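A.B. asks: here is my input, please return the structure:
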Amino acid sequence: MLSEGNFEEALRSAAKDPKYVDAIVELLNEENPGIRGDALLLIGELTVRHKDLVMPYVEEGLPITVLSLINDPNPYVKENAMQSFEIMLRYFPWVGEKFRNEMTSLLLEILQTGDKNKKAFAILMLGKLKVKEALPLIEEFRNVSDTVILPLEGIKWVPLGEIAEKVIKELGGDGND
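C.D. replies: Okay, here's the model as predicted:
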């Protein structure tokens, strides 16, 4: 894992030389999960600080690569993939349209096969992407009381059903109130 000093130095180097961004993106294919996790962390932070440097990679499908890493068995990789994907959706809202089919397919797969935390993440992202066709699947989680912890602001120890209910309402589904 990168130390704080190395993290900042990597960000500064990437800002000065776009070849560093190439190298960071290539690290997503590394076998070592610590390196993959660090690369995801750097991509998220580069998106926040230097959106223009990440733009070409986003246009080429980086959000799909990051989203697929949510299925990584390593928690460090999984959590950093969640954070980076959410950041990309926030900073590049148009990716939801450009990669809608691929993202929807991956998120629906995660919703059906993932653990409760991955399912919660998939529900939230399907809501952000306004995937109304996911409503029937999301409604299946309406009464699930299992709590989830996501590496996103404000989502710690929240019942999965509460997340599902919120997204159902956002998507215009039948609220249970």
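A.B. asks: contacts and neighbour counts: CA atoms only from here.
C.D. replies: Will do.
A.B. asks: mind listing what Val58 touches?
C.D. replies: Neighbouring residues of Val58 by CA atoms under 8 Å, 6 or more residues apart in numbering: 88, 95.
A.B. asks: now Lys166
C.D. replies: Taking CA under 8 Å, 6+ apart as the contact definition, Lys166 lies against nothing.
A.B. asks: Leu40 is in contact with Lys78, isn't it?
C.D. replies: No: applying CA atoms under 8 Å as the test, Leu40 and Lys78 come out as separate, 9.4 Å apart.
A.B. asks: shaky segments in this protein?
C.D. replies: Scanning the chain for pLDDT under 70 picks out 1-5, 175-177.
A.B. asks: can you rerun that using 50?
C.D. replies: The chain contains residues with pLDDT under 50 at 1, 177.
A.B. asks: the helices in it, which residues?
C.D. replies: Assigned by DSSP state H, the chain shows helices spanning 4-16, 18-26, 33-49, 51-59, 62-68, 75-91, 95-98, 100-113, 116-128, 135-139, 160-170.
A.B. asks: thinking again about what came up before, who has more neighbours, Leu40 and Lys78?
C.D. replies: It is Leu40, of Leu40 and Lys78, that has more neighbours when counted by other CA atoms under 10 Å, with 28 against 24.
A.B. asks: next up, the contacts around that one.
C.D. replies: 28, 66, 77, 80-81, 84.
A.B. asks: quick check, nearest of those residues to Leu150?
C.D. replies: Taking CA to CA as the measure, Leu150 lies nearest Asn80 of the contacts of Leu40, at 10.3 Å.
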